[in-house]
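Peer 1: here is the input, now give the coordinates:
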Amino acid sequence: MEKVKQSDFRMSILASGSTGNSVYVETDRIKILVDAGLSGKKIENLLKSVGREAKDLDAILVTHEHSDHIKGVGVLARRYNLPIYANAKTWQAMENKLGKLKTEQKFIFAKEKVLTLADLDISSFGVSHDAVDPQFYSFHRNAKSFVILTDTGYVSDRMRGMLKNADCYLFESNHDVELLRYGSYPWHLKQRILSNKGHLSNEDGALALAEMVGDNTERIYLGHLSQDNNVKDIARTTAHDILTEKDCGVNHHFWLYDTDPAEATTLYTL
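Peer 2: Purely as a prediction, here's the structure:
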């Protein structure tokens with residue numbers, strides 16, 4: 001059983017999947033969204049479901065310009081006068097999609113940099129995906145870390161080392177290869193998903209995690225599941241079996257959790 005923790009570093013995956021993505025991270029001093037790929041109203045309701053209010057947000061970080069990550073960014077930023085952080089190329093690609101924003105709401109957060117907001121250190125890192133310049137984030141506070149890594153076709157050796165031994169991961173488990181291959185998607189879309197600029201399969205995600213989990217790791221959330229080419233039970237079983245085969249300590253040192261495109265995970269304290 002996991003211990004009750006006295007900490008102000010908390011997170012919830014508000015939504016994760018091919019239809020929309022958003023993650024909430026907070027300390028007692030700052031409250032952040034990573035992406036807002038659903039309507040503003042849906043994100044407001046998801047925040048309420050974990051006891052939080054959108055009016056208390058302090059910033060939005062954007063990973064890349066795809067609609068399932070930015071759909072509600074402009075609405076929320078205008079409604080609550082929020083600053084938005086993204087790298088320069090992502091800003092160029094998404095700015096016209098967000099609607100009118102004030103100049104003072106637009107901030108550059110370059111790749112491979114560290115941004116400190118209040119008492120939270122945030123590291124950006126590049127991934128391999130078919131967006132203009134996609135980047136994801138790891139959050140650090142009081143020797144605790146939370147890594148968000150989805151929307152990538154592969155995990156490089158450098159990334160595996162850099163993101164190793166986090167306390168908590170949201171990690172891509174997008175598709176079951178057989179479901180994708182024999183499913184209804186057109187061949188060009190299947191090729192895109194299976195490519196190095198697509199998405200991680202259940203198996204490839206678990207194999208990467210097997211080299212990254214460590215003594216600090218307590219939770220892994222399996223994220224960005226395809227609504228057409230995956231099933232929660234298949235994703236979880238695949239990850240469990242591979243991590244067990246690699247003797248990583250699943251269900252002993254750390255636990256696997258599902259995510260959902262329409263239901264937030266319980267607010268978790270790192």
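Peer 1: so what's Asn165 up against?
Peer 2: Shown in contact with Asn165 (Cβ atoms under 8 Å, 6 or more residues apart in numbering): Met212, Val213, Gly214, Asp215, Asn216, Thr217. Backbone N, C-alpha and C define where each C-beta goes, glycine included.
Peer 1: now Glu203
Peer 2: Contact analysis of Glu203 by Cβ under 8 Å, 6+ apart lists Val177, Thr238, Ile242.
Peer 1: just the CA atoms of stretch 224-237, as CSV, please.
Peer 2: Provided in CSV are the C-alpha atoms of stretch 224-237 (Å, rounded to 0.1, in the frame of the first residue of the first chain):
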residue,chain,number,x,y,z
HIS,A,224,-2.9,8.7,-25.3
LEU,A,225,-4.7,5.4,-26.1
SER,A,226,-6.2,5.3,-29.6
GLN,A,227,-10.0,5.1,-29.4
ASP,A,228,-10.0,2.8,-32.5
ASN,A,229,-6.8,0.8,-32.2
ASN,A,230,-6.4,0.1,-28.5
VAL,A,231,-8.2,-1.1,-25.3
LYS,A,232,-7.3,-0.2,-21.8
ASP,A,233,-7.1,-3.9,-20.7
ILE,A,234,-4.8,-4.7,-23.7
ALA,A,235,-2.5,-1.7,-23.0
ARG,A,236,-2.3,-2.5,-19.3
THR,A,237,-1.7,-6.3,-19.8
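Peer 1: off-centre distance for it?
Peer 2: 16 Å (Cα atoms, centre = their mean, to the nearest Å).
Peer 1: list the contacts of that stretch.
Peer 2: 16-19, 21, 150-151, 172-176, 179-180, 183-185, 193, 199, 202, 222, 256, 258-259, 261.
Peer 1: the residues you listed, buried ones only, as a PyMOL selection?
Peer 2: Selection of the buried residues among the contacts of stretch 224-237 in PyMOL, burial being defined by 16 or more other Cβ atoms under 10 Å:
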select buried, resi 16+17+18+21+150+151+172+173+174+175+176+179+180+185+193+199+202+222+256+258+259+261
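Peer 1: among the contacts of stretch 224-237, which ones are in helices?
Peer 2: Members of the contacts of stretch 224-237 lying in helices (criterion: DSSP state H): Leu179, Leu180, Ile193, Asn202.
Peer 1: and the furthest pair within these?
Peer 2: The most widely separated members of the ones in helices among the contacts of stretch 224-237, counting by Cβ to Cβ, are Ile193 and Asn202 (12.6 Å).
Peer 1: between these two, what contacts are shared?
Peer 2: Taking Cβ under 8 Å, 6+ apart as the contact rule, Ile193 and Asn202 both touch Asn174, His175.
Peer 1: for the stretch 151-270 of the chain, what spans make up the strands?
Peer 2: According to DSSP state E, counting those that start in this stretch, the stretch 151-270 of the chain carries its strands in the segments 168-172, 219-223, 255-258, 268-269.
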